[in-house]
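S.K.: this one's sequence-less:
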């Protein structure tokens, strides 16, 4: 699905909802304002929901932003703000859940007319927040390597490779947007944001029964289409509430709807990382993915990329020259590397690379065990932990318990049955990892790789991935890992 598809569906939904509010509910004060309420409502409910599916993904994206903000402010006159960002990064998950819940609640609040003035200002603030993030993401493309963002006089021509964060995460992993597209989207949202602030008194408001019915209509399809229990249950609650709200005043009904959806969304978010992995996996390493085939296809596509020409940027005045490969070979001596920066212009690969292309690890000997893993016809259990929590001799007790109580017994049975087991973690020194292995009492090998790739593989630390013949068969959160005897996949 593309952004165009999403906007088309949202627009059609908004037109339908506006027709209902105009002809059935008789809200005719401002047709345009009602349409904007319904359109922004549908957009926020959709974008909030696809992020609620995977709150850790949003949290990881926030950690990226906090790290870049820290580095940016540390080398500027505002360096006193830099220490704030590592502190915020420690609470990235909580911040992620808060923002997701707020986005979904604002979506419902807009369509039912819950406290228009408060909703308008919250919508305005969150749009500004999103615009700052996407604007920063895009504008870093003008900041050459080694130059601080606030050194505006040293900015150069736009280069995608300059961008510090390449995706804002506006729609989670469901749809990836180019930074400039994300920025334009948020700038466009400033229009209804301003209108709501100055015209909040004219925003439509639904009565008690209409609030319940509309809430059910909005949330039930999401639950059914995405296969999620919480949104569907929430919708049923709203639907049943419609029969009991005849005697409740409209403001109380709207507040009740907001309260029910807040609790439902919070529980749903937590269900996707606290005690289970996301029910919908939009990432490359989803179950039933033939990693071996995909990796080979992406490598072949990348190998077929051809050089079309060169884009050269003058290091002194920023002048840009673009030449075809043939023309460049004739005059390259006129553009010495001491004065010009060369950037190749290449053809687009037939297949866009994903994190599967980066699926490489390093074992204790420095070799990459992944090619052997992808060719192995037997079962291999991968215990993925992008970060071992704690330090040498001082590991966090709760984290150690996750390994000793959830992971260790099952992996011991897998080894006894003749299957292979390996643990995957980010690059670390051998002594630290050996101390951790001794603490939890395991002897299978540790492989080391990029932590972002490991986070992409599974949203659990630790989590277990079962592979055979290069295919991901199953993935489990450590709290949902069944006993080895109950695993039908390895029978």
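M.R.: All right, it came through fine. The model shown is predicted, which means the values in this text are computed figures rather than measured ones.

S.K.: and residue 321, that one's in a strand?
M.R.: Yes: for residue 321, which was evaluated using DSSP: H, G, I helix; E, B strand; the rest coil, the result is membership in a strand.

S.K.: Around it, how many other residues sit close by?
M.R.: Per other CB atoms under 10 Å, the neighbour tally for residue 321 reads 15. (C-beta placed from N, C-alpha, C; glycine too.)

S.K.: so who does it touch?
M.R.: The contact partners of residue 321, taken as CB atoms under 8 Å, 6 or more residues apart in numbering, are 311-312, 314, 335, 340.

S.K.: And residue 449, by the same measure?
M.R.: For residue 449, the contact set (CB under 8 Å, 6+ apart) comprises 360-362, 424-427.

S.K.: Pull out the buried residues from those.
M.R.: Burial of the contacts of residue 449 was assessed by neighbour count (16 or more other CB atoms under 10 Å); the buried members are 361, 424-426.

S.K.: With respect to residue 464, which of these is nearest?
M.R.: When the buried ones among the contacts of residue 449 are ranked by distance to residue 464 (CB to CB), residue 424 comes first, at 10.5 Å.

S.K.: And the strands in the stretch 351-491 of the chain, which stretches?
M.R.: For the stretch 351-491 of the chain, the strands defined by DSSP state E, counting those that start in this stretch cover 379-384, 390-391, 394-395, 420-426, 446-449, 463-468, 471-477.

S.K.: highest average neighbour count across these?
M.R.: By mean neighbour count, with neighbours taken as mean count of other CB atoms under 10 Å, strand 379-384 ranks first of those at a mean of 23.

S.K.: So which residues make contact with it?
M.R.: The contact list for strand 379-384 (CB under 8 Å, 6+ apart) reads 373, 407, 411, 414, 419-425, 444, 454, 457-458, 460-468, 489-490.

S.K.: Who does it pair with, and is each partner parallel or antiparallel?
M.R.: Under the criterion DSSP bridges, strand 379-384 sits next to strand 420-426 (parallel), strand 463-468 (antiparallel) in its sheet.

S.K.: Could you provide those strands in a markdown table, with additional columns for distance to residue 274 and mean pLDDT?
M.R.: As requested, these are exported to a markdown table (distance: least, CB to CB, whole Å; pLDDT from 0 to 100):
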| stretch | distance to residue 274 | mean pLDDT |
| --- | --- | --- |
| strand 420-426 | 21 | 96 |
| strand 463-468 | 13 | 96 |
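
S.K.: got CSV for the ones you listed, with distance to residue 128 too?
M.R.: Below are the strands paired with strand 379-384 laid out as CSV (distance: least, CB to CB, whole Å):
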stretch, distance to residue 128
strand 420-426, 35
strand 463-468, 36
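
S.K.: for those, which one sits closest to residue 369?
M.R.: With CB to CB as the measure, strand 420-426 is the member of the strands paired with strand 379-384 nearest residue 369 (7.3 Å).

S.K.: Please parse this protein into its domains.
M.R.: Here the domain assignment for the chain is 3-271, 306-346, 356-490, based on automatic domain parsing.

S.K.: Kindly present those as a markdown table, with separate columns for distance to residue 287.
M.R.: Listed next are the domains of the chain as a markdown table, based on distance: least, CB to CB, whole Å:
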| stretch | distance to residue 287 |
| --- | --- |
| domain 3-271 | 14 |
| domain 306-346 | 33 |
| domain 356-490 | 6 |
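
S.K.: Compare those domains and report which one is nearest to residue 277.
M.R.: Residue 277 lies closest to domain 356-490 among these, at 4.7 Å (CB to CB).

S.K.: Return the distance of the closest one from the chain's centre.
M.R.: Between the mean C-alpha point of domain 356-490 and the mean C-alpha point of its chain there is a distance of 23 Å (CA atoms, centre = their mean, to the nearest Å).

S.K.: end to end, how far does it reach?
M.R.: Counting by CA to CA, to the nearest Å, the length from the leading to the trailing residue of domain 356-490 is 24 Å.

S.K.: And for stretch 439-451?
M.R.: 22 Å.

S.K.: Quick one: classify residue 258 as helix, strand or coil.
M.R.: Taking three-state DSSP, the label given to residue 258 is helix.

S.K.: Give me the nearest residue to it, chain neighbours excluded.
M.R.: Across the structure, with CB to CB, 6 or more residues apart in numbering as the measure, the residue nearest residue 258 apart from its sequence neighbours is residue 114 (5.5 Å).

S.K.: Quick check: pLDDT value at the one you found.
M.R.: Taken from the predicted model, the pLDDT recorded for residue 114 is 86.

S.K.: host element of it?
M.R.: Assessed by DSSP states H and E, residue 114 sits outside every helix and strand.

S.K.: wait, doesn't it sit right on residue 254?
M.R.: Yes: taking contacts as CB atoms under 8 Å, residue 114 lies within contact range of residue 254: 4.4 Å.

S.K.: And for residue 406, nearest residue in space, chain neighbours not counted?
M.R.: Once flanking residues are discounted, residue 406 sits nearest to residue 478: 4.2 Å by CB to CB, 6+ apart.

S.K.: quick one: low-confidence ranges for the stretch 251-400 of the chain?
M.R.: Scanning the stretch 251-400 of the chain for pLDDT under 70 picks out nothing.

S.K.: which residues in it form helices?
M.R.: Secondary structure of the stretch 251-400 of the chain (DSSP state H, counting those that start in this stretch): helices at 291-303, 325-331, 370-375, 397-401.

S.K.: what comes up buried for the longest one?
M.R.: Burial within helix 291-303, assessed by neighbour count using 16+ other CB under 10 Å, is assigned to 291-292, 294-295, 298, 301.

S.K.: Can you name the residues in contact with the helix or strand hosting residue 4?
M.R.: Secondary structure here is read from DSSP H and E; on that basis residue 4 sits in helix 3-19. Defining contact as CB under 8 Å, 6+ apart, one finds that helix 3-19 is touched by 31, 34-35, 38-39, 41-43, 46, 111, 171, 175, 177, 181, 185.
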